[in-house]
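# sharing a model prediction with you, sequence too.
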Amino acid sequence: MAHILIVDDQQSVLMTLEALLKSDNHLVTACTNAIDAMDKLNKEPYDMVISDVVMSVGGTGLALLRTIRGQPKIAKIPVILLTGKREKSDVEKGIQAGADDYVVKPIDPALLLAKIKDILSRSVQAAPRFAEAAVNMKAEMETKTDIISISELGCTLKSNVFASPGAVIKIHSDVFKDIGIANPTLRIISVEEAASADGFRKFTGNFVGLSEKELTPLRLWIRAKMRAA
């Protein structure tokens, strides 16, 4: 059981989220704006924040996320952003601001609960910080990556390039063209500690920001593959 703070200016959304999370045995606290959310976060501990991006009062979900990430005491709290927007640029803004995931409405209850379970189960260690110089130069590196399996939640890959848990990557493959969706964004959640003899590691990642419009052909493709197996 986790204590989850939900933030949305629509009572109907709050009620739906609260009922869903309580059905999964979570303790839920709800508020309607970012100001009240910060007040609650500074008064008691929470295991996760789920916030709408667009709110009419008290600041946006992105502003709330940036405030959370800027306060050392609460900076590591996992945050899921909710939005009705489907543009990939909006998803990228949320990820760049530090969101652990970005869920597009209408919400798929089973998928949201799976994402919550996965995020809460992670134990990602923060990397040490070193001095660095800012640059803005394009670069390319040769990689060899195979997709081993695909689910509604994400996919498992095998690659000769190491990707740390928590890293966000864009996957390009003809398989997604076959499925009928754009090349997705993945957040890496686990990586094999040791590489195989040929230098490859297996790692898994969760899709970030897939809409229901994209999930539908993905589900159909998975079912077709399972029937053909």
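Okay, I see it. Keep in mind the model is a prediction, meaning the values are calculated, not measured. Numbers count the residues shown, from 1 in each chain.
# the residue sitting furthest away from the middle of the chain in helix, strand or coil?
Relative to the mean C-alpha coordinate of the chain, counting by CA atoms, centre = their mean, the farthest residue is residue 197 (31.8 Å). Secondary structure for residue 197, judged by DSSP: H, G, I helix; E, B strand; the rest coil, is coil.
# quick one: the nearest residue to residue 209 once chain neighbours are set aside from residue 183, how far?
In space, and not counting its chain neighbours, residue 209 is closest to residue 91: 3.4 Å by CB to CB, 6 or more residues apart in numbering. Using the backbone N, CA and C atoms, a C-beta is placed for each residue, glycine as well. Using CB to CB, to the nearest Å, one gets 13 Å for the distance from residue 91 to residue 183.
# same deal with residue 2?
Applying CB to CB to residue 2 and residue 183 gives a distance of 32 Å.
# which of those two has more residues huddled nearby?
Between residue 2 and residue 183, counting by other CB atoms under 10 Å, residue 2 is the more crowded of the two (17 against 14).
# surely residue 41 is in contact with residue 77?
Yes: contact criterion CB atoms under 8 Å: residue 41 and residue 77 qualify, at 7.4 Å.
# more neighbours: those two, which one.
The neighbour comparison of residue 41 against residue 77 (other CB under 10 Å) goes to residue 41, with 22 against 18.
# tell me the pLDDT of the more buried one.
For residue 41, the model assigns a pLDDT of 96.
# find the nearest non-adjacent residue to it, please.
Excluding its sequence neighbours, the residue lying closest to residue 41 (CB to CB, 6+ apart) is residue 74, at 5.3 Å.
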